[in-house]
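Colleague: Sharing a model prediction with you, sequence too.
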Amino acid sequence: MSMNYEETMMQLILHGGNARGAAYEALDEAEEYKFEEAESKLEEANDEFLKGHKYQTELIQNENDGTVPSFFMIHAQDHLMTAQAELALIKRLIVQLKKTQAIEARLEAVE
């Protein structure tokens, strides 16, 4: 990767934002019970998170280079970690939506 400090921070923000966006697109699809599309968006979100995590790992490995953590670094880290937390929560919400769809199908069969 071998980027400078600012470029690495921008990659964390970029991939964190992309991961969050794809995760919310997955939730949108799941809310319409389009679970295949939702799974595809979850894979995209996970791939984006993993790309960001590689830059985060590079940053951590190079922390002994004398770079003092800045507000920009904290902000970039926050983007990636927020994406991770939201992705985990959205995965759980999608599981609940699948259960909701199954319950609705059973109710329709009874009616």
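Modeller: Good, I have the coordinates.

Colleague: hey, let's count contacts and neighbours off CA atoms from now on
Modeller: Noted.

Colleague: Give me the distance from the lengthiest helix in the chain to the chain's centre.
Modeller: Ranked by residue count and defined by DSSP state H, the top helix of the chain is helix 71-110. Centroid displacement of helix 71-110 relative to its chain, using CA atoms, centre = their mean, to the nearest Å, is 10 Å.

Colleague: Can you give me the buried ones in it?
Modeller: 73, 76-77, 79-81, 83-84, 86-87, 90-91, 94, 97-98 (16 or more other CA atoms under 10 Å).

Colleague: Relative to residue 37, which of those residues is nearest.
Modeller: residue 94 (11.7 Å; CA to CA).

Colleague: and residue 57, what pLDDT?
Modeller: Looking at residue 57, its pLDDT reads 86.

Colleague: Who are the contact partners of residue 28?
Modeller: Taking CA atoms under 8 Å, 6 or more residues apart in numbering as the criterion, residue 28 is in contact with residue 38.

Colleague: ok, back up a step: of all the buried residues of helix 71-110, the one with the weakest confidence?
Modeller: Minimum pLDDT across those falls on residue 73, with 85.

Colleague: I'm done for today, thanks for sticking with me.
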